[in-house]
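Chemist: Got a predicted structure plus its sequence, pasted below:
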Amino acid sequence: MTYQSTARTSERARAERLTHRFTELFGHAPHGIWRAPGRVNLIGEHTDYNDGFVLPFAIDRAAMVAVRLKSGSESTAGTADLASTYAPDGGDLSRARFSIDSLTPGSVDGWGAYPAGVVYVLIGLDGAEVPGFELLVDSTVPVGAGLSSSHAVEVATIVALNDLLGLGLSHPDLARLTQRAENEFVGAPTGIMDQSASLMGRAGGALFLDCRTLESEIVPLPLAEHGLSVLVIDSKVAHSHADGGYAARRASCERAATALGITSLRDLSTADDAAPATFSAARIVPGSAPNTAADAAPVTGPVPGAPPITGTPKTDVPELDPLDVLDDETARRVRHVLSENARVLETVQRLRQGDLSGVGELMTASHVSLRDDYEVSCLELDLAVDAALNAGAIGARMTGGGFGGSAIALVHESQLDQVRDAVLKTFADHELQTPDTFTVLPADGAQLIAFAGPGCQENVRRS
Ligand code: GAF
């Protein structure tokens, strides 16, 4: 049995269990079941909110929602009743509830804010009416590991409502709306990468996304063909993008763009004029920044006390001379964004050439830049990357927003055990909490799994 059919079979079994649970809980069957995966980002970190390039993939761990729309005659017609099998305070289920008409940012907290944020942006659309509904969510995306568990819930909710209400919204529309839910309702100033990966990912490939236009392309990632695995190392260090560090980095990039007189940092790093009509790796050429000068921002060394990275950082970092306008710290933030965009483009080219070990070097260079220039790594992520590389990984980096969460390592299957053991030993030697380690595969983006509501059949067909 192939991986995909195994995954589909187990997804059907999960969907059946979820239907059963929903029926027990709410007293009637759901109208349908939808799933939306988490993601890892292969490369392209903190570039999305700078209108840049990213290369994430949807993973084989997903949130699944069972949903039933209420009819107008029900006594709680205007209310959303939510339940989750993830119960942070212990227990079996956690519950949330909100009235559709009285949603304001901050009015729902905890995990309920993710579906509520989606409803909040949908009811703001011209002509869209969202009735009350019941929703049960179950997820295999680890919470707090930086693998987009919250975006998976938002995306599963929005694809379900898009289908059930016959809204006919496209993937880019859905991505922009879930980003707004996150920014305006949840209060996290995140970019558009995670929800895009969850919506548009495809099994066997990574999503090459231009975050300015939302043009995208699936680039093959033939891991098994090359005997490779992507190992996730969940550092168990909690992170939150609603907190200061992420917002501060974003604000710093926006200030830099304003000071440089450009719309976004993307304008420093690409030659869009040369773009042919179709989206492909060849059309996006990393350009050098204006005012290239020999006295560009100096390359900083490792952060004091941080472990060294084994492996050669290798990338064409466009030189820039923002120092006339920017302070040293902001210049380093800008340099990360420019060099990271260039690394994404080079990674895409290497994948096209089947050079997966070259991709490993770029991943490691990305980590160095995130650690030293963007300063969003932490001791645990640095240790994980270093231990993985020393034990034979061909590339490793933190993935996602940083300040905790997970690292990923590109590892030959034959060396998986030794890499995993080395990481666990390093954490034990440093008396750190034992990390979770597991492999992930590029999986399909969000989709309808099962449909059971005769009243909604037409909507689902139309969308
Ligand atoms: C988080 C955000 F949600 C993304 O939008 C992105 O900015 C990422 O951090 C950093 O690349 O996952």
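Modeler: Noted; the coordinates are in hand. Residues are numbered from 1 along each chain as shown.
Chemist: where does this structure dip in pLDDT?
Modeler: Residues of the chain that meet the criterion pLDDT under 70 lie in 1-9, 240-243, 269-324, 453-463.
Chemist: quick one, strands of it?
Modeler: Read by DSSP state E, the chain holds these strands, from start to end of the chain: 32-43, 53-69, 79-84, 94-99, 133-139, 205-210, 216-220, 228-234, 395-399, 406-412, 436-440, 447-451.
Chemist: Tell me which of these approaches Leu268 most closely.
Modeler: strand 53-69 (13.1 Å; C-beta to C-beta). Heads up, the C-betas are built off the backbone N, CA and C, glycines and all.
Chemist: how about the helices in the stretch 351-463 of the chain?
Modeler: With DSSP state H, counting those that start in this stretch applied, the stretch 351-463 of the chain shows helices at 356-372, 379-390, 416-429, 457-462, listed in chain order.
Chemist: Out of the ones you listed, flag the one nearest the ligand.
Modeler: Distance to the ligand, taken as C-beta to the nearest ligand atom, is lowest for helix 356-372 among those, at 9.0 Å.
Chemist: which strands and helices sit next to that closest one?
Modeler: Under the contact criterion of 3 or more C-beta pairs under 8 Å, 6 or more residues apart in numbering; DSSP states H and E, the helices and strands touching helix 356-372 comprise strand 32-43, helix 328-352, helix 379-390, strand 395-399, strand 406-412.
Chemist: now the ones you listed in CSV, with mean neighbour count and distance to the ligand?
Modeler: Shown next, in CSV, are the helices and strands packed on helix 356-372 (neighbours: other C-beta atoms under 10 Å; distance: least, C-beta to the nearest ligand atom, whole Å):
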stretch, mean neighbour count, distance to the ligand
strand 32-43, 29, 6
helix 328-352, 23, 9
helix 379-390, 26, 13
strand 395-399, 30, 8
strand 406-412, 27, 11
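Chemist: winner for burial among the helices of the stretch 351-463 of the chain?
Modeler: The highest mean neighbour count among these, using mean count of other C-beta atoms under 10 Å, belongs to helix 379-390: a mean of 26.
Chemist: Could I get the CA-only coordinates of that one as CSV?
Modeler: Output of helix 379-390 as CSV, limited to C-alpha atoms (Å, rounded to 0.1, in the frame of the first residue of the first chain):
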residue,chain,number,x,y,z
LEU,A,379,19.5,28.0,22.6
GLU,A,380,17.4,24.9,22.2
LEU,A,381,16.9,25.4,18.4
ASP,A,382,20.6,26.1,18.0
LEU,A,383,21.6,23.0,19.9
ALA,A,384,19.1,20.9,17.9
VAL,A,385,20.5,22.2,14.6
ASP,A,386,24.1,21.8,15.7
ALA,A,387,23.6,18.3,17.1
ALA,A,388,21.8,17.2,13.9
LEU,A,389,24.5,18.5,11.6
ASN,A,390,27.3,17.0,13.7
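Chemist: chain center to it: distance?
Modeler: Mean-position distance between helix 379-390 and its chain equals 21 Å (C-alpha atoms, centre = their mean, to the nearest Å).
Chemist: angle of that helix against strand 406-412?
Modeler: Calculated by axes from the mean of the first three to the mean of the last three C-alpha atoms, to 10 degrees, helix 379-390 forms an angle of 0 degrees with strand 406-412.
Chemist: Tally up the residues packed near Ala248, please.
Modeler: 12 (other C-beta atoms under 10 Å).
Chemist: what sits against Ser139?
Modeler: Listed by C-beta atoms under 8 Å, 6 or more residues apart in numbering, the contact partners of Ser139 are 61-64, 84-86, 149, 152-153.
Chemist: circling back to that earlier point, okay if I get the helices and strands packed on helix 356-372 as a markdown table plus distance to Ser369?
Modeler: Putting the helices and strands packed on helix 356-372 into a markdown table (distance: least, C-beta to C-beta, whole Å) gives the following:
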| stretch | distance to Ser369 |
| --- | --- |
| strand 32-43 | 11 |
| helix 328-352 | 5 |
| helix 379-390 | 12 |
| strand 395-399 | 9 |
| strand 406-412 | 14 |
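Chemist: Return the distance of Asn41 relative to Leu260.
Modeler: Using C-beta to C-beta, to the nearest Å, one obtains 26 Å as the distance from Asn41 to Leu260.
Chemist: Next to the ligand, which bits of the stretch 251-400 of the chain? Give me the list.
Modeler: If contact is defined as C-beta under 6 Å from any ligand atom, the residues of the stretch 251-400 of the chain in contact with the ligand are Gly400.
Chemist: Find the nearest non-adjacent residue to the residue of the stretch 251-400 of the chain found nearest the ligand, please.
Modeler: Shortest the stretch 251-400 of the chain-to-the ligand distance, computed as C-beta to the nearest ligand atom: residue-wise this is Gly400, at 4.3 Å. Leaving aside its sequence neighbours, Gly400 sits nearest to Gly146 (C-beta to C-beta, 6 or more residues apart in numbering; 3.7 Å).
Chemist: Distance check, the closest residue in space to Ala450 that isn't next to it in sequence against Ala175.
Modeler: The shortest distance from Ala450 to any residue other than its chain neighbours is 4.5 Å, reached at Ile33 (C-beta to C-beta, 6+ apart). Ile33 sits 22 Å away from Ala175, taking C-beta to C-beta as the criterion.
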